[in-house]
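1. following is a predicted model, sequence given first.
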Amino acid sequence: MSTNAAARPDYRHFLERRSFIEMSARERVRAVLDSGSFRELLGPFDRIKSPWLPLQGIVAQADDGVVLARGTLDGKPALVAAIESAYQGGSMGEVSGAKIAGALERACDECSRGRLILPVLLFETGGVRLQEANLGLAAIAEIHAAIIALRRYVPVVGVIAGLVGCFGGMSLAAAMCTRLIVTRQARLGMNGPEVIEQEAGIEEFDAQDRELVWSVTGGEQRYAVGLADDLLEDDADAIAAAIRNAFREGPAPGRSTQIERYVDLLRSIDPNQPPDGKSLRTLWGRTPKP
Amino acid sequence: MSLESVLSRRGRIWFDALTDGAGAIESGLRSVRVADAALGGEIARFIAVVPDAQNRFPRARSGEVGLDEGWALAHQVRAFAESTEGPRRPIIAIVDVSSQAYGRREELLGIHLACAAAADAYASARLAGHPVIALLVGKAMSGAFLAHGYQANRIIALDSPQVMVHAMGKQAAARVTRSSVEKMEELGEQIAPLAYDIRSYAKLGLLYKLIEGIDADAPGRIDVDRVRAELMSAITDTRAGSSDLAGRLTSPAARKMRAASIEVRLRLAEQWDAHS
């Protein structure tokens, strides 16, 4: 028995690890913030629900699937917004979108007055909620605007843990973050595999081919080609530590401003002989750490 | 029918009409048109994404915002915003974009980042004080609109049946929601945010101006002069206001149709600081 244990040094760690993915949005926010500092804003008791879902015979949840909380990170004021994937696939409606945009706008206002608030976004979303269509899209544009404005004062830190991942207009929000943390179970893409298959045909993208899907949008792939900054295990403590670490550096513009770099990288691609996920790692890959 | 004959020419028509062939800037792409042309007493940068049947990315040949287009938009907006000294000059996004490019290559190579870069550039130019105006002359769909136009200070649109805003194309949205195009159109008539047409969109309070009575496909001199005047009026209004998007929540239409968006912000303000 003891020989077995010695041969598997990670076994105890694996057992003690708290899964972040299995947590609800509210539990995730608690796990990220300093212990005891969680104070929810617009919680379920405020009952601000989607005015549009009941018109379509859908029961509206009291928090519209977004948990907002103020609290602290290493004692510093912070704001965490988390999307609940169990409700409407984490989709962005008018209220859920306004909660994130409105909170980031307030944080930006505070920062502009010299009172820094550290913003964290826990993504888990398929993008616009089609039952609120244009109001979801408008809210996502306002989230983008708020991230760009806020990023001038503090790093904006994004986390994609899985299992829903981050898609649609919210994938742009993830790309605007100063620092993006992913797990191996995360996926990041603009168009979901099913939508691409529907729009462009199965020869363009076979959504059932899991290996293909992960080799394109999976967290490990995104990290390996430089489209995410940290690749972590599904471990709440490790994620909380990585978030704190991301704030040790000052504000920075993020990869959505690295125009020359990506124009150069794209120029070297021949669309008639496109790379697959593996060969893109060679072309765009990080320099291996010694 | 050839590909060209079914593609919208609106973007190209209005780009040519408003710039009058002046001040063309080479973007390196046939699909991204850029010109620095006179508007009122100043020079504005006009930008349009147009179909290019020879686009090197096959999934971006019908006027979609693809990988190259996203990065080119980002570059053209930033280059203009950063080169300007003195008064901040306007940027006009002429919007006729059918969607972002849907494809395997696009996902692999980070279309989300290319579109984010374009939106980022427009938002940064707006924050730096450049009046950014989106002129909707055709489709303003989904991620393509997020990349090209939705970060504008003011959005104005031609009142025309081909001018549409939505989160997803009709057929695709019907499939995803397991509904039919007919049912979706019916629902859109009852619930304004679900509709595609620009008149329904105008009810949401996100538009600064809906310009009626314009010949959108073959604009005459009077049409072009009227649109130019509306652009100038939007620029003047922008310069008198803030550099954020707060203006999208203040119109009577917004107070009615985006009441929940407003309430969320009011309640957030109440709860922001802890009460002991």
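-> Received, thanks.
2. now stretch B:124-138: how far from the chain's centre is it?
-> 9 Å (C-alpha atoms, centre = their mean, to the nearest Å).
3. start and end of that stretch, how far apart?
-> This stretch, stretch B:124-138, spans 25 Å end to end (C-alpha to C-alpha, to the nearest Å).
4. same thing with stretch B:25-34?
-> Separation of the first and last residues of stretch B:25-34 by C-alpha to C-alpha is 5 Å.
5. now do the buried residues in it.
-> Across stretch B:25-34, burial judged by 16 or more other C-beta atoms under 10 Å in any protein chain shown covers B:Ile25, B:Ser27, B:Leu29, B:Ser31, B:Val32, B:Arg33, B:Val34. The C-beta positions use only the backbone N, C-alpha and C, and glycine is treated the same way.
6. then stretch A:156-174?
-> A:156-162, A:164-174.
7. just those residues: which are in strands?
-> A:Val157, A:Gly158, A:Val159, A:Ile160 (DSSP state E).
8. the helices in the stretch 151-276 of chain B, which residues?
-> Under the criterion DSSP state H, counting those that start in this stretch, the stretch 151-276 of chain B contains helices at B:170-176, B:181-190, B:198-202, B:221-240, B:252-257, B:259-271.
9. if we can go back for a sec, would you reformat the ones in strands among the buried residues of stretch A:156-174 as TSV and include distance to chain B and pLDDT?
-> Below are these laid out as TSV (distance: C-beta to the nearest C-beta, whole Å; pLDDT from 0 to 100):
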residue	distance to chain B	pLDDT
A:Val157	16	98
A:Gly158	11	98
A:Val159	16	98
A:Ile160	11	98
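10. which one, of the helices of the stretch 151-276 of chain B, ends up nearest to chain A?
-> Among the helices of the stretch 151-276 of chain B, helix B:259-271 comes nearest to chain A, with 4.0 Å by C-beta to the nearest C-beta.
11. can you list the neighbours in contact with the closest one?
-> For helix B:259-271, the external contacting residues (C-beta atoms under 8 Å, 6 or more residues apart in numbering or on different chains) are A:41-42, A:46, A:48, A:50-51, A:68, A:94-95, A:97-99, A:102-103, A:105-106, A:135, A:139, B:249, B:254-255.
12. inside strands: which ones of those?
-> A:Leu41, A:Leu68.
13. PyMOL command for the buried members of the contacts of helix B:259-271?
-> Of the contacts of helix B:259-271, the buried ones can be selected in PyMOL as follows, counting by 16+ other C-beta under 10 Å:
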select buried, (chain A and resi 41+42+46+48+50+51+68+94+95+97+98+99+102+103+105+106+135+139) or (chain B and resi 249+254)
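14. residue ranges with poor pLDDT in chain B?
-> Low-confidence regions of chain B, defined by pLDDT under 70, span residues B:1-6, B:84, B:276.
15. now with 50?
-> B:1-4 (pLDDT under 50).
16. so B:Ile43, which of the three states?
-> strand (DSSP: H, G, I helix; E, B strand; the rest coil).
17. from what I can see it touches B:Arg89, true?
-> Yes - B:Ile43 is in contact with B:Arg89 according to C-beta atoms under 8 Å; the separation is 6.0 Å.
18. and those two? which has more neighbours close in?
-> Legend: neighbour count by other C-beta atoms under 10 Å in any protein chain shown for B:Ile43 and B:Arg89, higher for B:Arg89 (20 against 16).
19. quick check: that one is in a strand.
-> No - under three-state DSSP, B:Arg89 sits outside any strand and is assigned coil.
20. tell me the contacts of it?
-> By C-beta under 8 Å, 6+ apart, the neighbours of B:Arg89 are B:Glu42, B:Ile43, B:Ala44, B:Arg45, B:Phe80, B:His130.
21. and those residues, which of them are buried?
-> B:Ile43, B:Ala44, B:Arg45, B:Phe80, B:His130.
22. which of those residues lies closest to A:Gly75?
-> B:His130 (38.9 Å; C-beta to C-beta).
23. where does that closest one land in three-state SS?
-> coil.
24. now it: how far from B:Arg89?
-> 6 Å (C-beta to C-beta, to the nearest Å).
25. overlap in contacts, those two.
-> Shared contacts of B:His130 and B:Arg89, counting by C-beta under 8 Å, 6+ apart, come down to B:Phe80.
26. sorry, back to before: out of the helices of the stretch 151-276 of chain B, deepest packed?
-> Each of the helices of the stretch 151-276 of chain B was scored by mean neighbour count; the highest is helix B:198-202, a mean of 20, by mean count of other C-beta atoms under 10 Å in any protein chain shown.
27. what residue ranges in chain A score low on pLDDT?
-> Looking at chain A by pLDDT under 50, you get A:1-6, A:288-290.
28. just the strands in it please.
-> So, for chain A - with DSSP E - the strands run A:39-41, A:66-73, A:76-83, A:118-123, A:157-160, A:179-183, A:230-232.
29. now for the last one, which elements pack on it?
-> Judged by 3 or more C-beta pairs under 8 Å, 6 or more residues apart in numbering or on different chains; DSSP states H and E, strand A:230-232 is in contact with strand A:179-183, helix A:219-224, helix A:236-246.
30. and for the second one?
-> For strand A:66-73, the helices and strands in contact under the criterion 3+ C-beta pairs under 8 Å, 6+ apart are helix A:25-32, strand A:39-41, strand A:76-83, helix A:94-112.
31. would you mind saying which of the ones you listed lies nearest A:Gly57?
-> helix A:94-112 (17.5 Å).
32. and the closest one, anywhere near chain B?
-> Yes - contact of helix A:94-112 with chain B (C-beta under 8 Å from any C-beta of the partner chain) involves A:Glu94, A:Val95, A:Gly97, A:Ala98, A:Lys99, A:Gly102, A:Ala103, A:Glu105, A:Arg106.
33. who's in contact with B:Gly70?
-> Counted by C-beta under 8 Å, 6+ apart, B:Gly70 has contacts B:Ile111, B:Leu113, B:Ala114, B:Cys115, B:Ala116, B:Ala117, B:Ala118, B:Ala147.
34. wait, which of the residues you listed is closest to chain A?
-> Distances from chain A to the contacts of B:Gly70, taken by C-beta to the nearest C-beta, are shortest for B:Ala116, at 3.6 Å.
35. tally of neighbours for the residue lying closest to B:Ala117 once chain neighbours are set aside?
-> Using C-beta to C-beta, 6 or more residues apart in numbering or on different chains and skipping residues adjacent in sequence, the residue nearest B:Ala117 is B:Ala74, 3.8 Å away. The local packing of B:Ala74 (other C-beta under 10 Å) involves 28 other residues.
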